[in-house]
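A.B. asks: what's the 3D shape of this:
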Amino acid sequence: MEVPESEPRLDRAMIDPRLIDPAAELVRRDHLADGEVDEIVELMAALRAWHGAAERMSAASRRYMNLNQNDMRAVRFLIAAENAGQVATARAVADHLGISTAATTKMLDRLERGGHIIRRPHPADRRSIVLQVTPSTRQAAREGVGRLHARRFDVAARMSSADRRVVTGFLRDLAATEGETAGGEE
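C.D. replies: Coordinates of the predicted model:
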């Protein structure tokens, strides 16, 4: 399918401050040369491309495993807990996902019916239940999400240590903008 000529320009128009904020009311750029603004726009375009690719890969993994987003997050949490030698309870899943215990119970019932998890008595607390991922779901996650993570890890491994520190700092600073208000306050 051929992409219309206007589409790349519209994509750029959504991230180029010279186009979305021509009067520089929101994006300060008077201290930057046009070439530097071009570089920043390219960086933002690369972030958008990564975000889109990550969303598509995540959706493909969920489709492959026939799980919704919270189901997949719960399965990944349970696998990580088991890998770390930790027992995982419904309360831990609810806390991790930020959902109610009632919603967690419904989700766990669905995952158990689907053959994704097993509930077992807690080894130290008779009132509690331990959750484990079934071997078939663990294998499916390994083949899907695990292989994707391995490819991402390889990309990071090809970078120099200094470049990894720069990218890590940039991404942390970018993530920290989430809590900032329009006035720049937390």
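
A.B. asks: residue boundaries of the helices in this structure?
C.D. replies: Along the chain, the segments classed as helices by DSSP state H run 6-13, 17-20, 34-65, 69-83, 90-97, 101-113, 135-141, 147-157, 161-176.

A.B. asks: Tell me which of those approaches residue 128 most closely.
C.D. replies: Comparing the helices of the chain against residue 128 with C-beta to C-beta, the closest turns out to be helix 90-97 (8.2 Å). To be clear about C-beta, it is placed using only N, CA and C from the backbone, and glycine gets the same treatment.

A.B. asks: now what about that closest one, what contacts it?
C.D. replies: By C-beta atoms under 8 Å, 6 or more residues apart in numbering, the residues outside helix 90-97 that reach it are 70, 73-74, 77-78, 81, 100-101, 103-105, 107-108, 129, 131.

A.B. asks: can you rerun that using 6 Å?
C.D. replies: 70, 73-74, 77, 101, 104, 108 (C-beta atoms under 6 Å, 6 or more residues apart in numbering).

A.B. asks: Same question for stretch 136-152.
C.D. replies: Applying C-beta under 6 Å, 6+ apart, the external contacts of stretch 136-152 come out as 57, 61, 64-65, 116.

A.B. asks: swap the cut-off to 8 Å and go again
C.D. replies: Under the criterion C-beta under 8 Å, 6+ apart, residues 57, 60-61, 64-65, 72, 75-76, 79, 115-117, 133 lie in contact with stretch 136-152.

A.B. asks: now those: which count as buried?
C.D. replies: For these, burial is judged from neighbour counts taken by 16 or more other C-beta atoms under 10 Å, and it is met by 57, 61, 65, 72, 75, 79, 116-117, 133.

A.B. asks: wait, which of those is closest to residue 153?
C.D. replies: Residue 153 has its nearest neighbour among those in residue 57, at 14.0 Å by C-beta to C-beta.

A.B. asks: so what's the closest residue to that closest one other than its chain neighbours scoring on pLDDT?
C.D. replies: Spatial nearest neighbour of residue 57, chain neighbours left out: residue 148 (5.4 Å); criterion: C-beta to C-beta, 6 or more residues apart in numbering. Predicted confidence (pLDDT) at residue 148: the value is 86.

A.B. asks: do the same with the one 10 residues further on
C.D. replies: According to the predicted model, the pLDDT of residue 158 comes to 97.

A.B. asks: Show me the domain layout of the protein.
C.D. replies: The record's domain parsing of the chain by automatic domain parsing lists 1-65, 74-141.

A.B. asks: Looking at the ones you listed, which one is packed in the most?
C.D. replies: Using mean count of other C-beta atoms under 10 Å, the stretch among these with the largest mean neighbour count is domain 74-141, at a mean of 16.
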